[in-house]
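>>> here is the input, now give the coordinates:
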Amino acid sequence: MRPAGLQKAGSTQTLSAGRYGGTIPRTVLPGGLRVITEALPAMRSVAFGVWVGIGSRDEAPSLGGSSHFLEHLLFKGTKTRSAMDISAAMDAVGGEMNAFTAKEYTCYYARVLDVDMPLAVDIVSDMVASSLITSDDFEVERGVILEEIAMHDDDPGDVVHDVFAEAVFGDHPLGRPVIGTVDTIQAMGRNQVAGFYRRRYRPPTMVVAAAGNLEHAKVVRLVRKAFGRAGLLADSAAPPAVPRPSQRRIAQAPATVRVVDRPTEQAHV
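Numbering: from 1, shown residues only. Alright, predicted model coming up:
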């Protein structure tokens, strides 16, 4: 999910044919925000997501786990909605909303009936574009994430995954755990994470994707309205280049065996 190429802002082009005979159009909005949809007329639902091309590989060592931290914080409230407002609005229409963080991206998504698509677009876009990140919420989520790390470290499968990544990538950002470590999460400050959010969650790093019983033009209108209200589409100038700590090449390492010997509460074969 790198910044949009040469497609002109406001234009729409067809990327490819869809799996069910339709097309997959892409529109680039001012500022570089891309909107991609696939119409599935036989469905009565819509899946809508904002994919942010920022993950753990983009973090400085001292900010290890900040992308995942943001994933938690963006559900805690925006300038116009509290965390309860967000949850209640989705529950009222039987919708599902969640998020996940990976090494190269973070995704926030919702699944709703097709008639409730405007609500899903508005809520998810509001979370991504206008979250508050208060100090109180930051401290609460710090505790939640430290508990997650403890659970993660007690799961042999998760530990094997992390040890493997470290063995392959070494001290490269791809070798670090997405969730961060106890040391980085404890040392991290609210202003650091809020600054990371303001710098990195920008239109050129985002792709809005939707599939289901929808019309591409309508999705574009809804996204334009939601992100425009947040002021993210006002500046169509090219943004400053985002430094990527992980752009350096990885040296080939010899074959190795890693052994982790420590007590756990589970047996794993």
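>>> and the helices in the stretch 151-269 of the chain?
In the stretch 151-269 of the chain, the helices defined using DSSP state H, counting those that start in this stretch lie at 156-169, 182-187, 190-200, 216-229.
>>> can you say which of those is nearest to residue 41?
helix 216-229 (12.5 Å; CB to CB). Using the backbone N, CA and C atoms, a C-beta is placed for each residue, glycine as well.
>>> show me the contact partners of that closest one.
With contact meaning CB atoms under 8 Å, 6 or more residues apart in numbering, helix 216-229 is reached by 12, 25, 27, 29, 33, 35, 37, 39, 48, 117-118, 121-122, 125-126, 129, 203, 208, 210, 233-234.
>>> okay if I get the helices of the stretch 151-269 of the chain as CSV plus mean pLDDT?
Output for those, formatted as CSV (pLDDT from 0 to 100):
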stretch, mean pLDDT
helix 156-169, 88
helix 182-187, 97
helix 190-200, 95
helix 216-229, 96
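>>> residue 107 is nearest to which of those?
helix 190-200 (14.4 Å).
>>> check which helices and strands the closest one sits against.
Secondary-structure packing of helix 190-200 (3 or more CB pairs under 8 Å, 6 or more residues apart in numbering; DSSP states H and E): helix 66-73, helix 135-153.
>>> and those helices, which is most packed in?
Ranked by mean neighbour count, the helices and strands packed on helix 190-200 are led by helix 66-73 with a mean of 24 (mean count of other CB atoms under 10 Å).
>>> excluding its backbone neighbours, what's nearest the most centrally placed residue in the chain?
Centroid check for the chain by CA atoms, centre = their mean gives residue 106 as the closest residue, at 2.0 Å. With sequence-adjacent residues excluded and distances taken as CB to CB, 6 or more residues apart in numbering, residue 106 is closest to residue 52, at 4.7 Å.
>>> pLDDT wise, what is the one you found at?
Per-residue confidence (pLDDT) for residue 52: 97.
>>> so where is the stretch 101-250 of the chain shaky, pLDDT-wise?
For the stretch 101-250 of the chain, applying pLDDT under 70 flags the ranges 235-250.
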